[in-house]
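Here is a sequence with its predicted model. Questions after.
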Amino acid sequence: MAWLLLPVVFKSFAKKGFYEFQAPVSLTSSYVRDLQDFWSARTKSKNELYEAGQSLARLNAGYQIAALENQTWQAEIARLENLLQLPSRPDYQYEIARVVERDFNAWWQRIIIRKGKDYGIPVGAPVVFVGGVVGRVSEVHAYTSVVDLISNNHLRLAVVIDGDNRPMSYRGGGSESFAQPVGLAEFIPTDIQIADTENRPVLITSGMGGVYPAGLKVGELRRLRQGAGGMFYDGEVELDARLASLTEVAVMIQIPPEPEQ
Amino acid sequence: MKAEEKMKYQGRLLLFYGLLVLMIGTLLVGVGYRQLFESDEFSERVKVQNHRRIVTPAPRGNIYDREGRLLVGNKPKFSAVVYLSDSGVRSAFRQEYRVLVRDYRARGESYQTGMLQKMARANVIQTYLDDVNRMLGLEETVNVEKVSAHLNYNPLLPFPIIDDLTREEFAVLLESLPVESPVQVYVSNQRNYPYEATASHTLGYVSSTILTPDAGLPGEDLTTFAEKGTFGRAGVEKQFDEILQGEMGTEIWVVDPYGFQVESKERRYPTKGRDIQLSLDIDIQRAAEQAFKYHDRETDTMMDHIGAAVMLDVNTLEVLAMVSKPDYDLNDTTPFISNETWKKMNENGGLQNRAIQGLYPPGSPFKLVTSTAALKANTAHAETMHFCPGHFRHKSGMIQYCAKRSGHKEEILWEGIRDSCNVYFFQTGLETGIDNLSREAIYMGLANKTGIDLPHETGRMIIPTRDWKRNRFKQGWYHGDTTNFSIGQGFIRVTPLQMATFAAGIARNQIVTKPSILRLSPQQAAERPPPKPTGLSTEQHSILVKGMIASAQLGSSRRIAVPGLSIAAKTGTAEVAKEGGKIELAWIVAFAPVQDPQVALAVIIEGQKLNADFFGGVWAAPIAKAMLETHVAKNPDLLEVRPTASVSLP
Amino acid sequence: MISLSKNRWILVATGHFVLLFFLGQANHYLSSVGVQLFLIGMLLSFSALELSYSQGVLSIAPICLIIDSKTPFPFGYNLIACLTLFTIAHILRSRVRREVTASALATSILLNIGAFAAYTFGAIRYLGIESLHFVPLSMNLLASTLVVTLFNRIFFDTQTGVLSIFGINLAEEQREAR
């Protein structure tokens, strides 16, 4: 009872204190893991390293071409936007961060990343990885940040089906057996069907909600059922299973638009 | 105390104890009885007192055309709402109320509790609205009275703070509002009409109302809060309201003494209404409506003719198109009909479905009925010839004119139909007699409703008889009445749908009834009431058809011609008295292809200028042509390189 | 110089923290297979069975607050839940023969299940029931119970051993107390 009567400021301060007290330990363990990786790489033979280097070089060449193509497309998009006098879209700066700790249990799913206030990570920033949306930064500490994964029930975003422009709601649905994160989509128009189980409708961010840029993959619709109001479907969303074994993510920090001259 | 007094005292004490035991015993027995035998009744009473029911309407079913194209659907309406039963909201109400009371007391001002409660609630809702305003860049404010009324009458329903969110606003709120916030995005539905005004009268509209909960929903004895739903007010929406309505959803809540939700006890989701498929072909419908447009030279604008058009499938009597002008944009009727829209619909006569409610003299197409009656009464046959000098003089001296003042000269029956010679049919009518004419018109179903599955079909059509005139005007029947009747003028009034049904009957040489607005399965089509024979032999029937083919190829109906399609048609121009003179009505009835009729139609256009000519062949035929063209474009097998049904030049 | 005997909670809490650290590492790797170990009951059990009430509370409280700082529940939820369980166990400890390994194991398992239930209740209350699934919950509980069964004795012995290095002989103290 006494605890309940304590002022919020005290609790908040205590929480921060206890978190920061243990943070160096988990941070160190993360560096130790990196060191492990380094030493395990050192054990590889020169030949193996040489081959890995070669394949990386090939990949790099491919990416350089893709980057050039992207530049051309970006210039074209900018030209068309200018022509149509569309408002400029928010620009993001990516902060790549290593995952310090994965807390992926049956109650909640979150990760701790190795960048915090020291890198200007803001609370609420979207976090992505190669497979799409990871989640949102929920707490920022001195050298770490906590990211709630999109499988958390309290995380909601406006999504669309790839190729469609009608926004619908997505909410986290927890983790099923064997680390399969899932979600729940609501307000799915009734003309959407899952005809081909091999080629399921893909949910991507709508870009309309103001938090996530458009086009990031969220998951795939795997089952539909009649929604509460009878007018839409609710759908089960299968998220990327790699969310349970993330090692590196990117935090998207919105760059404030330059003031007009 | 003496022993005697003590005894007396103890006796009184015993009596008192006895009474006490009796009273307690009565209480205990009473309590026991109620607990054991009346507990069900009391728990039921408690349930009624602290349970509330929320009834939510189901989305209506969709309406499709015969090819499965969506004519009427639902579109979501997203709003931002505050759940007033949320414990956070209620504690905010109390907190705000205390703050207001403190302020008033500090200023030494008097206050009314009710007024401060209202203010407190509105202030709290405004703070939620301010959050939403900030997220969406809006500047909405709360209406104090609305909040108060909502809390008094619908405390269990969410209070809308912003209606009709755009997609972008909906998306912003989804991402910005915390999941556990009392402010949430709420979705209701409203009717959506992708084709706007097209087929508006046939489809009809809905009105919103607080619905009476369906029987059989759980919690019938509980205090119920029902959300607004819709019911069909006109057209198909009204006719098939029960099918389209769906099953309401219900939620039963335990409420606290203030009437706010505590715990959900039962929930049943609403089930969307069933979809229906109409017989309409939206392509033909749109083509017909487009053809109703004309350029008005006086105002230099595109206007719509006033009138109606109906096209039927000859074999199944399904309605392929049903036009009534003027009309209204169905999207203006949802979510509600504004006073302005209602006034406009009323003033321009847009509320009337002229196809089933408009009563008109049929004019020259009725000559086909006169011909049938004469052929059946043996007062005319294929070679019966009459001379048309351009007018007809009655024995009384009254003169009636033919459309061609110079006269058609000598004509036989099919030529009379081709040229729509009034004099020919005056004479045929008089020889056949009013009784035969009336009987034939009644036999063909022109005196009764067609029985189409649409609401408000008029039953006030008139097929005049001697008795009818005697009852109505206390007058006898004159020759002039017969001549008028024989050319579809005078007292006779029919609807365009009846004329289309009649045209289908001529096409099949059978009396057909009861058109259908629903798409029929082959089995349903086979189960239709059997047609009656017209009583015409094939030869007799071919005379009428020959006259109609000639009319379409060479006569007054030639503007209907569709290259490659054999058409039988009959135009007409009827007159009706109007204040200050008369207006003319342009008619056409037709069917095609002649050899194997598939579609039949009737078009009527009301002339707008007093005492001005308004010929059916000029104004109605192009609309019929547009409908037929669209039909054959979708059924090219109906076309022939050289139509086999034709007549030789006179 | 502080007396470690009078402040043995520091040693026990450090031991608990070390266990938590290893548990965190294990869970980091196990996350990809969907298993999450939950061993709070073991910590509570040791503190409740082997320490006095005040020492037990002191050893448990900082650990609970550290865990609290990393969960999405309101700060203090874990502390209250664990202290409640700890108190119950402490009150009932006179009824069991604490020197018997099986008693310690049973206490650990029961406390672990209790703490697991408290977390599940907290998740329903604060995170929403929609995202809870029966199979992963039961799988995690099963795996955790298995690990407690396997490691309870090792944990108890290690903690007791570390305390004995600093001259604290719990077994002897318990005998003297009887």
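Right, received. Where do you want to start?

Provide a list of residues in contact with the one residue in the stretch 551-650 of chain B that gets nearest to chain C.
For the stretch 551-650 of chain B, the residue closest to chain C is B:Lys634, as judged by Cβ to the nearest Cβ, at 49.8 Å. Every residue, glycine included, has its C-beta placed from N, CA and C. B:Lys634 makes contact with B:281, B:283, according to Cβ atoms under 8 Å, 6 or more residues apart in numbering or on different chains.

how near is it to chain A?
24 Å (Cβ to the nearest Cβ, to the nearest Å).

Pull the number of nearby residues for A:Pro24.
Using other Cβ atoms under 10 Å in any protein chain shown, the number of residues around A:Pro24 comes to 12.

Now the residue of the stretch 551-650 of chain B closest to chain C. Its backbone dihedrals?
Dihedral pair for B:Lys634: phi -90, psi -10, per degrees, to the nearest 10.

shouldn't A:Pro189 be in contact with A:Gly227?
No - look at A:Pro189 against A:Gly227 with Cβ atoms under 8 Å: they stay out of range, at 10.3 Å.

list the contacts for B:Thr384?
B:Thr384 neighbours (Cβ under 8 Å, 6+ apart): B:374, B:412-413, B:428.

Next: B:Leu100.
Here B:Leu100 is in contact with B:111, B:116, B:119-120, B:123 (Cβ under 8 Å, 6+ apart).

If we use 10 Å, what do you get?
B:111, B:115-117, B:119-120, B:123 (Cβ atoms under 10 Å, 6 or more residues apart in numbering or on different chains).

Could you find the lowest-pLDDT member of those?
Minimum pLDDT across these is recorded for B:Tyr111, with 85.

got the phi/psi numbers for that one?
Torsion angles, degrees, to the nearest 10, at B:Tyr111: phi -150, psi 160.

Tell me how many other residues surround the nearest residue to it once chain neighbours are set aside.
Leaving aside its chain neighbours, B:Tyr111 sits nearest to B:Tyr104 (4.4 Å; criterion: Cβ to Cβ, 6 or more residues apart in numbering or on different chains). When neighbours are counted by other Cβ under 10 Å, B:Tyr104 registers 13.

repeat for B:Leu368
25.

Which of the helices or strands spans it?
helix B:367-376 (DSSP states H and E).

Could you do C:Ala171 as well?
helix C:170-177.

for the residue in chain C that chain B sits nearest to, what are its contacts?
Scanning chain C for the residue nearest chain B gives C:Gly128, at 7.5 Å (criterion: Cβ to the nearest Cβ). Taking Cβ under 10 Å, 6+ apart, we find C:Gly128 in contact with A:152-154, A:171-174, B:179-180.

Can you report phi and psi for A:Glu176?
The phi/psi pair for A:Glu176 (degrees, to the nearest 10) is phi -90, psi -170.

For it, list each beta-bridge partner.
Under DSSP bridges, the beta-bridge partners of A:Glu176 are A:Gln180.

isn't it right up against A:Gln109?
No - the criterion here is Cβ atoms under 10 Å, and A:Glu176 misses it with A:Gln109 at 11.3 Å.

which one of those two has more residues nearby?
Higher neighbour count among A:Glu176 and A:Gln109: A:Gln109, with 29 against 19, using other Cβ under 10 Å.

Give the partner strands of the helix or strand B:Phe231 falls within in its sheet and their orientations.
Assigned by DSSP H and E, B:Phe231 belongs to strand B:228-232. Partner strands for strand B:228-232, per DSSP bridges, with pairing direction: strand B:206-210 (antiparallel).

which helices and strands sit right next to the helix or strand just after the strand it pairs with?
Sequence-wise, the next helix or strand downstream of strand B:206-210 (DSSP H and E) is strand B:223-226. Under the contact criterion of 3 or more Cβ pairs under 10 Å, 6 or more residues apart in numbering or on different chains; DSSP states H and E, strand B:223-226 touches helix B:39-50, strand B:51-56, strand B:206-210, strand B:249-255.

and with 8 Å instead?
For strand B:223-226, the packing partners by 3 or more Cβ pairs under 8 Å, 6 or more residues apart in numbering or on different chains; DSSP states H and E come out as strand B:51-56.

same question for the helix or strand just after the strand holding B:Phe231, mean pLDDT?
Per DSSP H and E, the first helix or strand lying C-terminal to strand B:228-232 is helix B:235-239. For helix B:235-239, mean pLDDT rounds to 94.

what comes into contact with the helix or strand that helix B:235-239 is followed by?
Of the helices and strands lying after helix B:235-239 in sequence (DSSP H and E), the nearest is helix B:241-245. Under the criterion Cβ under 8 Å, 6+ apart, residues B:58, B:60-61, B:63, B:231-232, B:237, B:273-274, B:276 lie in contact with helix B:241-245.

Can you say which of these are buried?
Among those, those buried by neighbour count (16 or more other Cβ atoms under 10 Å in any protein chain shown) are B:58, B:60-61, B:63, B:231-232, B:237, B:273, B:276.

If we only consider these, which is nearest to chain A?
The nearest one, if we look at those relative to chain A and count by Cβ to the nearest Cβ, is B:Ala58, at 5.1 Å.

Tell me, what's the model's pLDDT at residue 120?
No chain specified, so I'll use chain A. Residue-level confidence at A:Gly120 comes out at 93, pLDDT.

Chain C, not that one
At C:Thr120, pLDDT is 94.
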